[in-house]
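K.L.:
Okay, here's the prediction I keep looking at, along with the sequence it came from:
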Amino acid sequence: MKDDQKSMPSYGLGRQMQVYMQGLQGQLPSLPVAPEALEQQAIAHLSQKASGYLAGMEDTMQANLRAFQHWSILPRMLRDVSQRQLSTTILGMQLPVPLLLAPIGVQSIIHLEAEIAVARAAHATGVPMILSTASSRSIEAVAQELGNTPRWFQLYWSKNPDLNASFVRRAEQAGYSAIVVTLDTRLLSWREQDIQNAYLPFLLGEGLANYFSDPVFRQALAQPPEENPGMAIRYFIDIFLNPSLTWDQLSFLRQHTSLPIFLKGILHPDDARLAIDAGMDGIIVSNHGGRQVGGSRAALDALPAVVEAANGQLPILFDSGIRRGSDVLKAIALGAKAVLLGRPYIWGLALGGEAGVQQVLQNLLADLDLTLAVSGFSSISQLDASLLVNERLAQ
Ligand SMILES: Cc1cc2nc3c(=O)[nH]c(=O)nc-3n(C[C@H](O)[C@H](O)[C@H](O)COP(=O)(O)O)c2cc1C
Ligand SMILES: CCCCC(=O)C(=O)O
């Protein structure tokens, strides 16, 4: 894989040929290649509680996917696309591909090896990883698996400021190179399947590795979490959600880290302007994969106005609904510098652990590389809105 990456221009072709050559020996890909089939198989494999947790508001998730259909690629012919370039630079950080793994918490409910398996697959493919605060393995343990693969840390801003500062400090020390503050989950939304299943993984102690290993968190407890997990979980529940968090508190974070700060979950252009006023470094346009505001605008539909409001003053990233190479191209053509991959890598994790995640990433990168090429482009930096037709406006 590492070698494939060095010769990224042949990446897509390389993966295609690898699959076809294996086919000659009677070996088929072990996971479904189409994301829809992959999802179906993963959901069937998981327990009802775990698959219910992966779900979101169906209408909003569907809207996220449909939004990509409103834009079509208008390919160009007879351009030399023999050498291709997928790498990008964000705030001076080199990313080998315009794709990062979205922060997804509590992966222990999906696979025993959880974030460790994902980190190994990220390392093998060179895809940067964003680790969730609510991960089932610690900031440090995941960093160890990543080698020099770029990593960012996603912060859930709790009610305990010292704990927030401690998380950021730990991330810095473990080589994470950006902080992603998620804004859209200051409260948990009404999640029908979880309510139906009466299931919240945190109450069972899942997804609390960063808390239980944190010196500030531990200091606040009369007994260590190993001796009295119930008390530790109760304290987590007390502080985890923070609905009183407001824009003016972002300066606290700025004082506690020199790392770039991205705000995740912005959909409204006015919030993009507030992010700039607050001195933030980047924005991730996202509706949390349709898991928070039921009936919210599809994330891709919200992207152009946010890009316009940002006016080039800070990089915009995107997630919610990325499934194929063409989705990545569309989001980038509409102004995103890079995109985050969410559920698809979790489906790979569910079905095949580390190897499953790796297969999903290899396929997506190959799809991206080949779709770029057959559209007539040799570098993702060439993409802009002229690649696309808006089918709602076109006649
Ligand atoms: C099971 C699950 C857990 C998630 N946990 C987090 C999290 O801990 N922090 C966060 O910022 N986003 C979290 N997200 C949202 C993702 O980062 C991302 O925004 C979303 O998955 C994108 O939508 P998609 O999966 O439909 O592409 C989670 C999403 C899922 C499906
Ligand atoms: C409180 C939520 C933690 C994980 C998460 O972000 C999600 O389930 O969407």
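P.N.:
Now that the structure is in, tell me what you want to look at. Ligands and ions are numbered 1, 2, ... in the order given.

K.L.:
List the buried residues for stretch 81-95?
P.N.:
81, 84, 86, 88, 90, 95 (16 or more other Cβ atoms under 10 Å). Yep, even glycine has a C-beta here, placed from its N, CA and C like the rest.

K.L.:
Tell me which residue lies nearest the centroid of the chain.
P.N.:
Computing the C-alpha centroid of the chain and ranking residues by Cα atoms, centre = their mean puts A102 first, at 1.1 Å.

K.L.:
Close to ligand 2: what parts of the stretch 251-395 of the chain are there?
P.N.:
Contact residues (Cβ under 6 Å from any ligand atom) of the stretch 251-395 of the chain with ligand 2: 288, 291.

K.L.:
where along the stretch 251-395 of the chain do the helices fall?
P.N.:
Per DSSP state H, counting those that start in this stretch, the stretch 251-395 of the chain carries helices over the ranges 269-277, 299-310, 325-333, 343-374.

K.L.:
Between all of the buried residues of stretch 81-95, which two are separated the most?
P.N.:
Comparing every pair within those by Cβ to Cβ identifies V81 and I90 as the most remote, at 24.1 Å.

K.L.:
I'd guessed L274 sits against W247; true?
P.N.:
Yes - at 5.5 Å, L274 counts as touching W247 under the criterion of Cβ atoms under 8 Å.

K.L.:
Report pLDDT for the residue nearest to A299 when sequence neighbours are not counted.
P.N.:
Nearest non-adjacent residue to A299, counting by Cβ to Cβ, 6 or more residues apart in numbering: S320, 3.6 Å away. S320 carries a pLDDT score of 99 in this model.

K.L.:
Pull the number of nearby residues for S320.
P.N.:
S320 is flanked by 33 other residues according to other Cβ atoms under 10 Å.

K.L.:
With D277 instead?
P.N.:
Count around D277 with other Cβ under 10 Å applied: 10.

K.L.:
how close does it sit to ligand 1?
P.N.:
For D277, the distance to ligand 1 (Cβ to the nearest ligand atom, to the nearest Å) stands at 22 Å.

K.L.:
Would you mind listing what in this structure touches ligand 1?
P.N.:
Checking the chain against ligand 1 by Cβ under 6 Å from any ligand atom, the hits are 53-54, 64, 102-105, 132, 134, 154, 182, 264, 286, 288-289, 291, 319-322, 342-343.

K.L.:
In strands, which of the residues you listed appear?
P.N.:
Per DSSP state E, strands hold the following members of the residues of the chain next to ligand 1: 154, 182, 264.

K.L.:
returning to that earlier point: switch the helices of the stretch 251-395 of the chain over to a markdown table; also include mean pLDDT.
P.N.:
Below are the helices of the stretch 251-395 of the chain laid out as a markdown table (pLDDT from 0 to 100):
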| stretch | mean pLDDT |
| --- | --- |
| helix 269-277 | 98 |
| helix 299-310 | 98 |
| helix 325-333 | 98 |
| helix 343-374 | 98 |
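
K.L.:
With distance to I43 added, can I get the ones you listed in JSON lines?
P.N.:
Listed next are the helices of the stretch 251-395 of the chain as JSON lines, based on distance: least, Cβ to Cβ, whole Å:
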{"stretch": "helix 269-277", "distance to I43": "33"}
{"stretch": "helix 299-310", "distance to I43": "22"}
{"stretch": "helix 325-333", "distance to I43": "20"}
{"stretch": "helix 343-374", "distance to I43": "8"}
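
K.L.:
Specify the stretch among those that is closest to F167.
P.N.:
In terms of Cβ to Cβ, the element of the helices of the stretch 251-395 of the chain nearest to F167 is helix 269-277, at 20.6 Å.

K.L.:
Check which residues of that closest one are buried.
P.N.:
Applying a neighbour-count criterion of 16+ other Cβ under 10 Å, one finds 269, 271-272, 274-276 buried in helix 269-277.

K.L.:
same deal with stretch 105-113?
P.N.:
Buried residues in stretch 105-113 (16+ other Cβ under 10 Å): 105-111, 113.

K.L.:
Could you list the low-confidence segments of this structure?
P.N.:
Where the chain drops to pLDDT under 70, the residues are 1-10, 395.

K.L.:
Enumerate every residue touching the closest residue to ligand 2 within it.
P.N.:
Closest residue of the chain to ligand 2, Cβ to the nearest ligand atom: G105 (3.6 Å). The contact partners of G105, by Cβ atoms under 8 Å, 6 or more residues apart in numbering, come to 132-136, 207.

K.L.:
Determine which two of those residues are furthest apart.
P.N.:
T133 and S136, at 11.4 Å, using Cβ to Cβ across the contacts of G105.

K.L.:
Residue of the stretch 151-300 of the chain closest to ligand 1, please.
P.N.:
G289 (2.5 Å).

K.L.:
Which residues are in contact with that residue?
P.N.:
With Cβ under 8 Å, 6+ apart, G289 has these contacts: 56, 61, 64, 102, 319-321, 342-343.

K.L.:
Same question for F236.
P.N.:
Taking Cβ under 8 Å, 6+ apart as the test, what F236 contacts is 202, 208, 211, 217.

K.L.:
swap the cut-off to 6 Å and go again
P.N.:
The contact partners of F236, by Cβ atoms under 6 Å, 6 or more residues apart in numbering, come to 208, 211.
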